[in-house]
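J.: The sequence isn't on hand, but the structure is:
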């Protein structure tokens with residue numbers, strides 16, 4: 001029997017979790033609907049206007065122009081920009097009541113919303129079509145995904161004059177939003193400047209050579225082409241940086257070389 005009770009308990013908890021998740025989704029969807037009901041019409045949106053039992057006064061679809069003014073039968077020009085759907089319904093109803101209809105029933109709907117924009121470190125930046133319930137994540141997918149250089153923790157959305165930081169890519173967005181995905185600022189590493197050693201005297205190719213770790217006098221002279229026929233292996237000296245410079249005389253072939261050393265190979269008397 002204990003196994004039955006245990007299974008029932010698990011089923012109950014699972015059902016409870018599922019119910020809570022469904023409730024949260026419902027609450028979020030409801031909150032989103034409330035937000036969208038406050039959406040203000042703007043240029044680029046397409047709207048429809050229906051007047052009950054007045055087909056001639058209905059507009060199936062009209063795109064809001066840049067000046068935000070549409071032409072309407074009988075009443076002329078109507079400014080729609082900046083109004084919610086409910087506010088525009090009231091405005092048109094009042095204008096129709098002024099000598100045309102007794103009690104007009106006006107319904108305004110948004111057919112298509114104006115697009116939004118994605119810029120920055122994404123695969124396909126540019127204009128993207130908006131659909132209800134769209135999230136930052138979905139827009140990024142439509143924009144070809146994040147570029148390798150994308151700084152995902154610094155995404156922002158510009159909505160009107162407001163700059164909004166995005167803390168969750170599942171966050172909902174609105175028509176006309178400008179989503180910016182900045183690139184990471186790579187810390188520039190200053191290159192280590194090359195270090196050199198210098199030769200003069202009896203070597204085949206006097207001059208400067210880039211220093212390498214582990215260089216000995218013999219290896220360094222090989223870099224300079226070796227000794228000339230007049231070179232004296234007993235007359236090698238090194239002038240080493242210092243204050244004052246240090247002069248090392250009668251240097252052996254296995255002596256270590258340091259950056260900045262000047263290697264002077266003297267001439268044999270015979």
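T.: Everything's here; your move. These figures come from a predicted structure and were not determined experimentally.
J.: Kindly report the domain assignment for the protein.
T.: In terms of domains, the chain is parsed into 46-112, 116-181, 196-267 (source: automatic domain parsing).
J.: Need these in a markdown table (columns: mean neighbour count).
T.: Quick note: C-beta positions are derived from backbone N, CA and C, even for glycine. As requested, the domains of the chain are arranged in a markdown table below (neighbours: other C-beta atoms under 10 Å):
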| stretch | mean neighbour count |
| --- | --- |
| domain 46-112 | 15 |
| domain 116-181 | 16 |
| domain 196-267 | 15 |
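J.: Dump those domains into TSV; add mean pLDDT as well.
T.: Converted to TSV, the domains of the chain look like this (pLDDT from 0 to 100):
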stretch	mean pLDDT
domain 46-112	90
domain 116-181	90
domain 196-267	89
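J.: Could you export these as TSV, including distance to residue 38?
T.: Shown next, in TSV, are these (distance: least, C-beta to C-beta, whole Å):
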stretch	distance to residue 38
domain 46-112	6
domain 116-181	10
domain 196-267	68
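J.: Residue 210 versus residue 251, what's the distance?
T.: Using C-beta to C-beta, to the nearest Å, residue 251 is found at 20 Å from residue 210.
J.: typo on my end, it should be residue 259
T.: For residue 259 relative to residue 210 (C-beta to C-beta), the value is 10 Å.
J.: Mind listing the shared neighbours of those two?
T.: Common contacts of residue 259 and residue 210 (C-beta atoms under 8 Å, 6 or more residues apart in numbering): 195, 196.
J.: residues making contact with stretch 130-142?
T.: Here stretch 130-142 makes contact (C-beta under 8 Å, 6+ apart) with 29, 32, 36, 112-116, 118, 122, 124, 128, 146, 155, 157, 166, 168-176, 179, 181.
J.: Which of the residues you listed fall in strands?
T.: Among the contacts of stretch 130-142, the members falling in strands (DSSP state E) are 112, 116, 118, 128, 157, 179, 181.
J.: and of those, the nearest to residue 78?
T.: residue 112 (19.1 Å; C-beta to C-beta).
J.: Setting the sequence-adjacent residues aside, check what's closest to that closest one.
T.: For residue 112, ignoring the flanking residues on the chain, the nearest one in space by C-beta to C-beta, 6 or more residues apart in numbering is residue 46 at 4.5 Å.
J.: The one you found against residue 109, yeah?
T.: No. Assessed by C-beta atoms under 8 Å, residue 46 is found out of contact with residue 109, at 9.7 Å.
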